[in-house]
Each structure stands twice: as C-alpha cells, then as structure tokens.
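[1] 3D, please:
(chains A and B)
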Amino acid sequence: MSRQEKSALVVLFSSLILFAVYLWRLSILYSDGRFSEPDAASLLGKSFIALVLAGIVMHIAIALASRIVAPGLEPEMPADERDTLIELKGALAFLVVLVIGFIAAMLALALGVSPVAILFALIVAVFLGSIADDLTKLYLYRRGF
Amino acid sequence: MGKTRVSNNIRRLRFEHGEMTQKQLAERVGVTRQTIVAIEKAHYSPSLELAFLIAETFGVPLEDVFSHDPDP
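    Next comes the predicted model:
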C-alpha cells in the first residue's frame, strides 16, 4: 500500500470518527430540546464551525503523530501530476455529491421542511461529499489510476 | 482495471540502462515511484512533458518509449 493510499485511508477513517462524534453531540442537544429554541440555526452553525476546527486539529495531530511514529512514511517527493489529477477527481466527486445534496435540500425546503433540518441536511451533504472525495482518491490510488 | 491506449517500453528500457530501478527513474524525471508504476502498467498516460522527460532520460526518441494502440 502506497503512502497516498495510507493517507487517504487515515483521512477517511478520521472523518468517519469525527462525524460520528459530531452526530452524537447533536443527538444530545436534540434530546435536550435545543433545536426547538429560536436560536437553533445559530447553534447548528456554531456546531459546524466547531466540527471544521476539530477536523483541522485532528488532521494536524495525525500528521504530527505519523512523523513521530513512522518517520519513513514522510513523502519522499512532493505531489506530482498524477497526484494532482487524482486530487482533482476527488474534488469533482465532492462537488457532485454537494450539489446533489444542495438540490435535494432546496426541494425539501420548497416542500415545507424546516430551515434547521435543511441546514443539517447541508452539513450531511458536506460530510458525504468529503467521504466521496476520500473514496475516489482511495479507489484511484488502489487501481493505479 | 482500466488500461490506457498508450503502451510503453519503459520496463525494457530500464533494463537496458543498467537495470535502472523505478525509483531512480522517478527521481530523474521528478515524479513519485507510484506514477512510474502506473505508467509502466499502462494505467496512467503521462503528460506530454513527462513523456518527453522519460524519453530524454533514456536518450531515445519519444516513439521508442510510447506507442498508441487503437485496440488495447
């Protein structure tokens, strides 16, 4: 397994763990009735910012840990044209999933679903997009391209 | 696995050039070893610039390294 595959796998699993923790935290807030209050949208926005910050901290921690635990895994060469192309294909997968999620959310909004639920659906779409990004990269690295 | 229509003689050329390793070739042309592996297996078609660099490394014309197969 190449360094890029390992990296894509680590990012995928860390994203899954982080989002599971996020959902768990949201479920606690939901059971406390916080999403029935008038500032529910603001609360969801803050929780998303916290999720993004936690993701950045987690990725930095993983990068530092990998340098300490396995220094040999550091890139021997910066990303080349094939890496860039795979990154772009991953970004395209992210965008496709995000746009589908956005359109579905707008349809739900038109059908009368609450704005807070729509905001949550958009956050889920971002998460699913990032998973699609990671899976695309993993698949392309695994296949060779 | 999807193969490209561009086949190559990189493996043979590496052998003929003092059994050059994939890593050595990768370092000379400025890409990762995985990219050389992907090109050799015809899973990835390199850019024109990289293709020329590989040919220059072996000191042969481009068409001696890469060829196009209409029906792979």
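
[2] List the buried residues in stretch A:80-92.
    For stretch A:80-92, a neighbour-count test (16 or more other C-beta atoms under 10 Å in any protein chain shown) marks A:Asp80, A:Glu81, A:Arg82, A:Asp83, A:Ile86, A:Glu87, A:Lys89, A:Gly90 as buried. Using the backbone N, CA and C atoms, a C-beta is placed for each residue, glycine as well.

[3] check whether it contacts chain B.
    Yes. Counting by C-beta under 8 Å from any C-beta of the partner chain, chain B has neighbours in stretch A:80-92: A:Asp80, A:Glu81, A:Arg82, A:Asp83.

[4] Now the first one: closest residue in space that isn't a chain neighbour?
    It refers to A:Asp80. Nearest non-adjacent residue to A:Asp80, counting by C-beta to C-beta, 6 or more residues apart in numbering or on different chains: B:Val31, 3.9 Å away.

[5] count of residues packed around A:Ala105?
    20 (other C-beta atoms under 10 Å in any protein chain shown).

[6] so where does it fall, helix or strand?
    According to DSSP states H and E, A:Ala105 maps onto helix A:81-110.

[7] moving C-terminal of that helix, what's the next helix or strand?
    According to DSSP H and E, the helix or strand after helix A:81-110 is helix A:115-143.

[8] Out of the residues of stretch A:80-92 next to chain B, the closest to B:Leu25 would be?
    Minimum distance to B:Leu25 across the residues of stretch A:80-92 next to chain B is 12.7 Å, recorded for A:Asp80 (C-beta to C-beta).

[9] Thanks again, I'm all set now.
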